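K.L.:
sequence and predicted structure are below.
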Amino acid sequence: MEKIVLREEFIKLGQAIKAAGFVGSGVEAKIVIQNGEVTVNGSVETQRGKKLYDGDVVSFNGQELKIVK
């Protein structure tokens, strides 16, 4: 499981999956999120601007990412 350490209070979903290397660009992040391929804490999330906080878990294409403070 990948981890992203928050520098601020939150990180946006599109930024998080790009930073984790799950996608290669912001455009790709937008597409996979809008297509319903990404889940946050087990629920499909279609807003790339969704704010992620400490403890949130993102899943995409068999990979998981945990947000930590």
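P.N.:
Noted; the coordinates are in hand.

K.L.:
mind listing the helices for the chain?
P.N.:
13-19, 26-34 (DSSP state H).

K.L.:
remind me, longest strand of the chain?
P.N.:
For the chain, the longest strand by residue count, based on DSSP state E, is strand 63-68.

K.L.:
next one: that strand to chain centre, how far?
P.N.:
Offset of strand 63-68 from its chain centre (CA atoms, centre = their mean, to the nearest Å): 8 Å.

K.L.:
what lines up beside that strand in the sheet?
P.N.:
Applying DSSP bridges, strand 63-68 is found paired with strand 2-5 (parallel), strand 57-60 (antiparallel).

K.L.:
list the buried residues for that strand?
P.N.:
Across strand 63-68, burial judged by 16 or more other CB atoms under 10 Å covers L65, K66, I67. Placement of C-beta: from N, CA and C, glycine included.

K.L.:
stretch 51-66 now?
P.N.:
L52, D56, V58, S59, F60, L65, K66.

K.L.:
and the fourth one, what does it touch?
P.N.:
When the contact criterion is CB atoms under 8 Å, 6 or more residues apart in numbering, the partners of S59 are V38, T39, G42, L65.

K.L.:
name the member of those residues with the most neighbours.
P.N.:
V38 (26 neighbours; other CB atoms under 10 Å).

K.L.:
show me the beta-bridge partners of that residue.
P.N.:
F60.

K.L.:
pLDDT below threshold where in the chain?
P.N.:
For the chain, no stretch is flagged by pLDDT under 70.
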